[in-house]
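Asks: Test case, fold it:
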Amino acid sequence: MLANQYFISGRYFEALEEYSKLPREKQNDLLIKKKMIICSALNGSFERALFLLKDMPTDDNSLYYGLQLMKDECFCEKLLEKLEGQKKQIIKNDEAKKMQTAILSYFTEREKSLEYFYGLKNSGYSDIVNTFLSSIKHKSHTTS
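Replies: Just a heads-up that it's a prediction; the model follows:
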């Protein structure tokens, strides 16, 4: 699939365009949805990324199996290392890098991700961050 080729080669804008052309039932596939979230985050489409992310399953089994797939398929840890390095070098886009880090680390280290999100509650992204945090908080209360 062309979208996966774009994704693997780091062409996230083109990958997202191709994933978006898939039928709705394919877009709801856990792995494809995760790739769409990653592409959105890396393209700066944070509202779209958080919209997709809030609908991810929260039960441990779904996340565990999904995370295993992600380690093999998306290089999240390498992307996070790269973002961490860029954050230290470039202060100018700090909030955007923090948003990217928060979204990507949601798949690898949930607690670290939430720390980033809580740190962005009063940022330029406060509206979408606060909406996301309250939606996942509400979701975790209804599924417990």
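Asks: so what's the closest residue to Phe132 other than its chain neighbours up against?
Replies: Leaving out its chain neighbours, the residue that sits closest to Phe132 by Cβ to Cβ, 6 or more residues apart in numbering is Leu50, at 4.3 Å. All C-beta spots, glycine's among them, are computed from the backbone N, C-alpha and C. Residues in contact with Leu50 (Cβ atoms under 8 Å, 6 or more residues apart in numbering) are 103, 128-129, 131-132.
Asks: Could you do Ala41 as well?
Replies: Contacts of Ala41 by Cβ under 8 Å, 6+ apart are 49, 99-100, 103-104.
Asks: if you set the cut-off to 7 Å instead, what comes out?
Replies: Contacts for Ala41 (Cβ atoms under 7 Å, 6 or more residues apart in numbering) come out as 49, 100, 103-104.
Asks: Against Gln5, how distant is it?
Replies: 20 Å (Cβ to Cβ, to the nearest Å).
Asks: Kindly report the same for Ser40.
Replies: Ser40 is 18 Å from Gln5, by Cβ to Cβ.
Asks: between those two, which one's more packed in?
Replies: Ser40 (25 against 12; other Cβ atoms under 10 Å).
Asks: May I ask which helix or strand encompasses that one?
Replies: Taking DSSP states H and E as the criterion, Ser40 maps to helix 30-42.
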